[in-house]
Every structure is written in structure tokens, then in C-alpha cells.
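Q: only geometry, no sequence info:
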């Protein structure tokens, strides 16, 4: 009998299984949403760059982001990142017009 009382008291009581108000329920552990950026020390999961891009565009820096000073065009630049911008061209229908002709024979039946 004592074991039964202990089991009943050890049960996790919630507002669904007892007369407790919902505000006293333990909150569920929420999983942390995955970050779009890689965590320090982990390899990022990025889309692979295209083997043969159609065009290259370079962002030229004219001013220093830290001090605001001007940057000369012949300054040594270091590539810090690159990505592919993929544009899908507008869909244009390919229309084939089929034309049919009729003709009449010029052969006249002889009587």
C-alpha cells in the first residue's frame, strides 16, 4: 500500500492530469533552431560555386570600413568571400506555327 502511495505522488502531475492550473506546468525544452551561419570551429554548409560562371563582378572598395579613409585603386586587396548569384531567365514560349495547304489537281477528266 505504501508503494502505491509513493508511485502516485512521484508521478509528474500536470494541469491535464490533476487540478493544477496550467501556469504551474513545467515548460517543454525547446530545441535551439539551427543557425544559418556555421558555429566557430565547424565547416559551413554552403552551395558549391559554379564551375564556369557567365560573368564576374567585383566590389571595389573606395573607403576603409574602419577609419573611413580613401583606398587607392592599386592597393593590395585580399579576397574575403565570394558567392554566386543565380538568375533564372524569364520563360519565353517557343512557338511553332504549323501551316497546311490544299490544292486542286489541274487534270481534267476527259469525256
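A: Received, thanks. None of the values given here were measured: they were computed from a predicted structure.

Q: could you pull out the helices for the protein?
A: Assigned by DSSP state H, the chain shows helices spanning 2-10.

Q: Quick check: which ranges of it have low pLDDT?
A: 6-12, 27-39, 44, 108-111 (pLDDT under 70).

Q: Please repeat the previous calculation with a cut-off of 50.
A: For the chain, applying pLDDT under 50 flags the ranges 33.

Q: mind listing the strands for the protein?
A: In the chain, no strands are defined using DSSP state E.

Q: and stretch 68-84, how far apart are its ends?
A: Terminal residues of stretch 68-84 are spaced 28 Å apart (C-alpha to C-alpha, to the nearest Å).

Q: Mind listing residues that contact it?
A: By C-beta atoms under 8 Å, 6 or more residues apart in numbering, the list of residues contacting stretch 68-84 from outside reads 46, 47, 49, 50, 53, 60, 61, 62, 63, 64. C-beta coordinates here come from the backbone N, C-alpha and C atoms, glycine included.

Q: neighbours around residue 25, how many?
A: Counted with other C-beta atoms under 10 Å, residues neighbouring residue 25 total 13.

Q: how close does it get to residue 19?
A: 13 Å (C-beta to C-beta, to the nearest Å).

Q: before we move on, what about residue 70?
A: 73 Å.

Q: These two: which has the busier surroundings?
A: Using other C-beta under 10 Å as the criterion, residue 70 and residue 19 rank with residue 70 on top: 11 against 6.

Q: Turn the contacts of stretch 68-84 into TSV, columns for distance to residue 105 and neighbour count.
A: TSV is the format used below for the contacts of stretch 68-84 (distance: C-beta to C-beta, whole Å; neighbours: other C-beta atoms under 10 Å):
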residue	distance to residue 105	neighbour count
46	71	9
47	65	8
49	66	9
50	60	9
53	61	12
60	74	7
61	79	12
62	79	8
63	83	10
64	86	11
